[in-house]
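Participant: Curious how this folds, go ahead:
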Amino acid sequence: MFWIILKIAVFLLVVAGLTITADALLGSEAGIRIAFANTEFTLGPVQAALGALALLAALWLLLKLAGLFVATLRFINGDETAISRYFESSRKRRGLEALTEGFLALAADEGDRAVTKARKAEKLLENKTLTSLLMAQAARNKGNNALAEEYYKRLLEDDRARFVGVQGLLRQKLEANDTDKARKLAEKALALQPAHGPTQDILLQLQNKSGDWQGARRTLSEAKRTGRLPREVYFRRDAVLALQQADAYALQGDLALAQDLAIEANAAAPALIPAAVMAARAQIARGKGSTAAKVLKKAWKMQPHPELAQAFAEIEPAEPAAQRVRRFEKLLTQNDGDEARMIRAELLIAAEDFPGARRAIGDLHETAPSQRVMTIMAAIERGEGSDDAVVRGWLARALIAPRGPQWICDKCHHIHARWQAVCENCGSFDTLSWRSPPDSSGASATGTEMLPLIVGALAAPRPAPAPVSDAPPEPEVAAAAPETPTETPAAAPAQPKERPITEAEVIDLDETRRQGM
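Facilitator: A predicted model of the protein is given here:
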């Protein structure tokens, strides 16, 4: 509203000014006298004003004619004019249309048409960045890697497109499985844009494959600095890399540095089982058994694992079996689950306390059956002097039982015999976890569920053993023989105490069964 009022006021002032000026000219008696070639002209005030306006119009026309004359001379000399600008605008319009059609064809997965449109746009447009990018992408889509690499290299000449060019060459080398050049290109791309997450992941993967653990730790540190990794994830992955670096130094014979790196990895990620095992062994090698025990107990409390128990046994390698059972209780009570029950049963078998081993294993063969549990049960039956048919029955059940917890890749579910930083199947980094593999229920196609019945029957269910008391055991008293037995069985010859069953016998039994089939 204010601006409308202001415009009206200005208009009224202009009209008033012109009116006053015209009135002043009409009322004035002054004029202009012009003498030219014995001819005299006398102009009144109004005529003089009109003459001045005509003179100004003539001067403007003269200037325009002079500009047209200069433009004509420049056109003759080849300089840019409105005519050339018209043709340039038309060429640019057609180039942009070809460029647009090329990108649309590329999105539609029409490689040949995209290349054709890219070549047309390249001829029509002066800016070669977009045309080079379209040509490189189209050639790559078409499968012409040499042409794609040529145009990706052209992108390196433009500062704005240099990172895109390096990324394109990086993909080319990855597809060609040229990991060395790909790693160098990834390092160059990361130097151009340090915070680019996909490039960090690619470089980290390439460094892991090549065993450049020190470089991988630098890349991981850069990822943390740019805020891509949470603090906990960074410490876990850095511990994994430090552990792999420790293995590399151990293979080179630098045991001291390998031990330092293992201890560093365990301090960063106490829940990482391989780091705890290696750090404990490093402390044992340095004569610090108590420190090694603390490391293993802390890791066992977070997640029990057989390798932790193995390293715990290495603290006192020459101790008697009964003493080892007592010492292990300090570890097993930290997390008294299924793994602790199996470890306790194995220790009691080694101490030849087979009833105690049966009490320790309990009903694990029913609630959580696995090959290891069935093998332990077979060893208990053998140690207690059961028939061979009973022992073979447990071993047969071990052949068809689930494998139990394994190192499994969380991404591709591939099972590994031992832990490693990179999955050997899909190449993922730090994706192995200790868990039971997925198992499908139902009968097998080969009918192996009948194997325990064919090989041997299981022992009849036994009453639960009496609980162990802290009081010393009472001396056993032989039961009196009946006074008038109707049938007296012949005394069986004393059998020597048999050794516990090993897992190797399970494999031998499996091979025998296959040969029989």
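Participant: how near is residue 429 to residue 233?
Facilitator: Look at residue 429 and residue 233: by Cβ to Cβ, to the nearest Å, they are 11 Å apart. Just so you know, the C-beta spots here come from the backbone N, C-alpha and C atoms, and that holds for glycine as well.
Participant: Looking at these two, which is more packed in?
Facilitator: A side-by-side neighbour count of residue 429 and residue 233, using other Cβ atoms under 10 Å, places residue 429 first with 20 against 14.
Participant: which helices and strands does the longest helix anywhere in the chain pack with?
Facilitator: Secondary structure of the chain per DSSP state H: the longest helix is helix 45-77. Applying 3 or more Cβ pairs under 8 Å, 6 or more residues apart in numbering; DSSP states H and E, one finds that helix 45-77 contacts helix 2-27, strand 32-36.
Participant: That one to helix 2-27, inter-axis angle?
Facilitator: Interaxial angle of helix 45-77 relative to helix 2-27 (axes from the mean of the first three to the mean of the last three Cα atoms, to 10 degrees): 120 degrees.
Participant: what's the following helix or strand after helix 45-77?
Facilitator: Once the chain leaves helix 45-77, the next helix or strand it forms, by DSSP states H and E, is helix 82-107.
Participant: hmm, back to that, per-stretch mean pLDDT over the helices and strands packed on helix 45-77, give me the minimum one.
Facilitator: Note on the helices and strands packed on helix 45-77: lowest mean pLDDT is at strand 32-36, with a mean of 65.
Participant: Give me the distance from stretch 369-379 to the chain's centre.
Facilitator: Stretch 369-379 sits 37 Å away from the centroid of its parent chain (Cα atoms, centre = their mean, to the nearest Å).
Participant: could you dump that stretch to PDB, C-alpha only?
Facilitator: Taking Å, rounded to 0.1, in the frame of the first residue of the first chain, the C-alpha atoms of stretch 369-379 are listed here in PDB:
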ATOM      1  CA  PRO A 369      23.100 -82.100  22.100                       C
ATOM      2  CA  SER A 370      26.300 -81.700  20.100                       C
ATOM      3  CA  GLN A 371      29.200 -83.700  18.800                       C
ATOM      4  CA  ARG A 372      31.300 -82.700  21.700                       C
ATOM      5  CA  VAL A 373      28.700 -83.600  24.300                       C
ATOM      6  CA  MET A 374      28.200 -87.100  22.700                       C
ATOM      7  CA  THR A 375      31.900 -87.700  22.600                       C
ATOM      8  CA  ILE A 376      32.200 -86.800  26.300                       C
ATOM      9  CA  MET A 377      29.400 -89.300  27.100                       C
ATOM     10  CA  ALA A 378      31.100 -92.000  25.100                       C
ATOM     11  CA  ALA A 379      34.300 -91.300  27.100                       C
END
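Participant: i'd like the first residue to be 16 from this point on
Facilitator: Taking 16 as the first residue, the last one we looked at is stretch 384-394.
Participant: mean confidence for it?
Facilitator: Rounded to a whole number, the mean pLDDT of stretch 384-394 is 93.
Participant: same check, this time on stretch 196-215
Facilitator: On average, stretch 196-215 scores 89.
Participant: For that stretch, buried residues please.
Facilitator: For stretch 196-215, the buried set under the neighbour-count rule, 16 or more other Cβ atoms under 10 Å, comprises 197, 198, 200, 201, 202, 203, 204, 205, 211, 214, 215.
Participant: okay if I get these as TSV plus secondary structure and distance to residue 109?
Facilitator: TSV is the format used below for these (DSSP: H, G, I helix; E, B strand; the rest coil; distance: Cβ to Cβ, whole Å):
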residue	secondary structure	distance to residue 109
197	helix	39
198	helix	43
200	helix	36
201	helix	39
202	helix	41
203	helix	37
204	helix	35
205	helix	39
211	coil	36
214	helix	37
215	helix	42
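Participant: OK, contacts around the closest residue in space to residue 167 that isn't next to it in sequence?
Facilitator: Excluding the flanking residues, the one nearest residue 167 by Cβ to Cβ, 6 or more residues apart in numbering is residue 183, at 3.8 Å. Residue 183 is in contact with 151, 152, 155, 163, 167, 170, counting by Cβ atoms under 8 Å, 6 or more residues apart in numbering.
Participant: On the pLDDT front, check residue 183 for me.
Facilitator: 91.
Participant: a strand runs through it, doesn't it?
Facilitator: No. Counting by DSSP: H, G, I helix; E, B strand; the rest coil, one finds residue 183 to be helix, located in no strand.
Participant: Kindly provide the distance from it to residue 83.
Facilitator: Relative to residue 83, residue 183 is positioned 51 Å away (Cβ to Cβ).
Participant: did I read that right, residue 186 in a helix?
Facilitator: Yes. Counting by three-state DSSP, residue 186 is found in a helix.
Participant: any idea which element the residue lying closest to it once chain neighbours are set aside lies in?
Facilitator: Nearest residue to residue 186, sequence neighbours excluded (Cβ to Cβ, 6+ apart): residue 155, at 7.8 Å. Using DSSP H and E, residue 155 maps to helix 143-157.
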